[in-house]
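[1] sequence? don't have it. structure:
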Ligand code: MET
Ligand SMILES: [Zn+2]
Ligand SMILES: [Zn+2]
């Protein structure tokens, strides 16, 4: 059997999970698919072993700025034994749930782009603008060897993009969600040093005590942010999130840890996400003065995994209103097939930040309604009917965007 669903399952069966994603096999699968529908394919290795695949459907007026549909090849790891079906089996249940790591994030859109083009071509549709589809590596570990390199390349500049689309997120409700900005991740590591001592001794200024004070302060801050969300004053993606992701301390022994020593060093790692309008300097001041103050023998490092502001100091976001003609076209195209939710900031982070930074408008969109949000979770799945509906949505979106003639007084 060779159907859109079986092709989706085939793509899901490649083990593209970090830390050793297989990029070769899915790329050769995608190239085969592309050739079967008459798209040209080009593989570019900006970083050795980390290929970018670019597919192209030439428009009837290739001088107009083109449009790009992006997705990433890689996936986050999966704890196999905690899944009800193996994460790279793409098992389909009787009621149509297809289980796989990547089913929602984001192999669905990677295949839907192709299936919708297959259908448009079979109906004789001819795009006015050139359409590109990119498949990039390394998104889940920051995109630095993937989209960041691609976006900085002459190959990317030569695409002459007017507009791009990238992944979004599922909705348990019945509206399609669309995202006009991403939150930006900071990796924060705080370290405490202190006086070591006997496990039985009560004293001030141990590393653990110094670290725990900070952990409590950070939890309080997290709570105040979360309270805004719980009170309905802000969306999850509009506040600053800070979540502990690791703790490291103790004196190792052959059986685990030495229990009667208080260690001289302790550290904690946090995933922080800042919405584009957040003030980075205020955050840095809080970290330096409250969360990792030198007066409590603490140090810290912040790794910023993206920019909050453009070169003019404005928060990086794509206008999702009538001032942006791409918005109007996108909105109408989606609404021809279903309901569109109010545009949102994405709580997580995608490669679209590298494209927005160049001043190119990007919307995040993964057409999944009535679907629980399972990205990075166990038992990630997508229902066959939802997947098929997504193809129909992209037919509408791709045909509308690629037919946009532009405004007479502007080159868009
Ligand atoms: C750290 S860059 C983004 C990686 C991934 N998409 C996330 O949101 O966590
Ligand atoms: Zn993703
Ligand atoms: Zn992800």
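    It's in. Note that this is a predicted model, so its numbers are computed, not measured. Ligands and ions are numbered 1, 2, ... in the order given.
[2] only C-alpha atoms for contact and neighbour calcs from this point on.
    OK.
[3] Show me this protein divided up by domain.
    Here the domain parsing of the chain from automatic domain parsing is 4-178+320-402, 184-304.
[4] interface residues of this structure facing ligand 1?
    Applying CA under 6 Å from any ligand atom, one finds that the chain approaches ligand 1 through 139, 140, 141, 142, 185, 348, 349, 350.
[5] Tell me the pLDDT of the second one.
    This points to residue 140. Per-residue confidence (pLDDT) for residue 140: 98.
[6] try the last one
    On the pLDDT scale, residue 350 is placed at 98.
[7] how about it, what does it touch?
    By CA atoms under 8 Å, 6 or more residues apart in numbering, residue 350 lies in contact with 139, 166, 167, 182.
[8] ok, 10 Å please
    71-72, 139-140, 142-143, 147, 166-168, 181-184, 364 (CA atoms under 10 Å, 6 or more residues apart in numbering).
[9] And residue 36, how far from residue 127?
    Noted for residue 36: a distance of 18 Å to residue 127, by CA to CA, to the nearest Å.
[10] Ignore what I typed, I meant residue 197.
    Taken as CA to CA, the span from residue 197 to residue 127 is 72 Å.
[11] Comparing those two, which shows the higher neighbour count?
    residue 127 (22 against 15; other CA atoms under 10 Å).
[12] ok, and the closest non-adjacent residue to the more buried one?
    residue 59 (4.9 Å; CA to CA, 6 or more residues apart in numbering).
[13] Please identify which of the domains of the chain is closest to residue 312.
    domain 4-178+320-402 (11.0 Å; CA to CA).
[14] From one end of that closest one to the other, what's the distance?
    Per CA to CA, the first residue of domain 4-178+320-402 is 23 Å away from its last.
[15] And stretch 341-350, by the same measure?
    Counting by CA to CA, the terminal residues of stretch 341-350 are separated by 20 Å.
[16] And stretch 117-127, by the same measure?
    End to end - CA to CA - stretch 117-127 spans 10 Å.
[17] which element follows the longest helix along the chain toward the C-terminus?
    Criterion DSSP state H: the longest helix present in the chain is helix 207-230. The helix or strand immediately downstream of helix 207-230 is strand 241-249, counting by DSSP states H and E.
[18] I'd like to check which residues are in contact with residue 102.
    Contacts of residue 102 (CA under 10 Å, 6+ apart): 11-17, 72-78, 87-88, 90, 108, 374-376, 380-382.
[19] Then residue 330?
    Residue 330 sits in contact with 178, 320, 363, 396, 397, 398, 400, 401, where contact means CA under 10 Å, 6+ apart.
[20] could I get these as a markdown table with pLDDT, neighbour count and secondary structure?
    What follows is the contacts of residue 330, written out as a markdown table (pLDDT from 0 to 100; neighbours: other CA atoms under 10 Å; DSSP: H, G, I helix; E, B strand; the rest coil):
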| residue | pLDDT | neighbour count | secondary structure |
| --- | --- | --- | --- |
| 178 | 98 | 25 | coil |
| 320 | 98 | 23 | coil |
| 363 | 98 | 28 | strand |
| 396 | 98 | 20 | helix |
| 397 | 98 | 22 | helix |
| 398 | 98 | 21 | helix |
| 400 | 98 | 18 | helix |
| 401 | 98 | 24 | helix |
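[21] Isn't residue 161 up against residue 133?
    No - if you go by CA atoms under 10 Å, residue 161 and residue 133 don't touch, sitting 11.7 Å apart.
[22] Find the residues that touch each one of these two.
    Contacts common to residue 161 and residue 133, judged by CA under 10 Å, 6+ apart, are 67, 68.
[23] low-scoring stretches of the stretch 251-400 of the chain, by residue?
    Applying pLDDT under 70 to the stretch 251-400 of the chain picks out no residues at all.
[24] residue ranges of the helices in the stretch 1-150 of the chain, please?
    4-12, 24-36, 107-122, 147-151 (DSSP state H, counting those that start in this stretch).
[25] any idea how far the shortest one is from the chain center?
    By that I understand helix 147-151. Averaging C-alpha positions (CA atoms, centre = their mean, to the nearest Å) puts helix 147-151 15 Å from its chain's average.
[26] Throw the helices of the stretch 1-150 of the chain into TSV and include mean neighbour count, thanks.
    Output for the helices of the stretch 1-150 of the chain, formatted as TSV (neighbours: other CA atoms under 10 Å):
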stretch	mean neighbour count
helix 4-12	20
helix 24-36	16
helix 107-122	21
helix 147-151	21
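[27] any chance of these in JSON lines, with mean pLDDT too?
    Output for the helices of the stretch 1-150 of the chain, formatted as JSON lines (pLDDT from 0 to 100):
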{"stretch": "helix 4-12", "mean pLDDT": "98"}
{"stretch": "helix 24-36", "mean pLDDT": "98"}
{"stretch": "helix 107-122", "mean pLDDT": "98"}
{"stretch": "helix 147-151", "mean pLDDT": "98"}
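[28] Make TSV out of those and add distance to residue 336.
    Formatted as TSV, these follow (distance: least, CA to CA, whole Å):
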stretch	distance to residue 336
helix 4-12	22
helix 24-36	27
helix 107-122	15
helix 147-151	31
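[29] Which one of these lies nearest to residue 83?
    helix 4-12 (15.3 Å).
[30] who does that closest one touch, helix- and strand-wise?
    Counting contacts by 3 or more CA pairs under 10 Å, 6 or more residues apart in numbering; DSSP states H and E, helix 4-12 packs against helix 24-36, strand 91-92, strand 97-99, helix 107-122, helix 384-402.
[31] Give me the residues contacting it.
    Residues contacting helix 4-12 (CA under 10 Å, 6+ apart): 1-3, 25-27, 29-30, 33, 73, 87-92, 96, 98-103, 106-112, 114-116, 384-385, 387-388, 391.
[32] Let's see that with 6 Å instead.
    residue 90 (CA atoms under 6 Å, 6 or more residues apart in numbering).
[33] for residue 286, phi and psi?
    phi -60, psi -40 (degrees, to the nearest 10).
[34] same question, residue 308
    phi -90, psi -30.
[35] Find the nearest non-adjacent residue to whichever residue of the stretch 51-200 of the chain sits closest to ligand 1, please.
    In the stretch 51-200 of the chain, the residue that lies nearest ligand 1 is residue 142 (3.6 Å; CA to the nearest ligand atom). Excluding the flanking residues, the one nearest residue 142 by CA to CA, 6+ apart is residue 305, at 6.9 Å.
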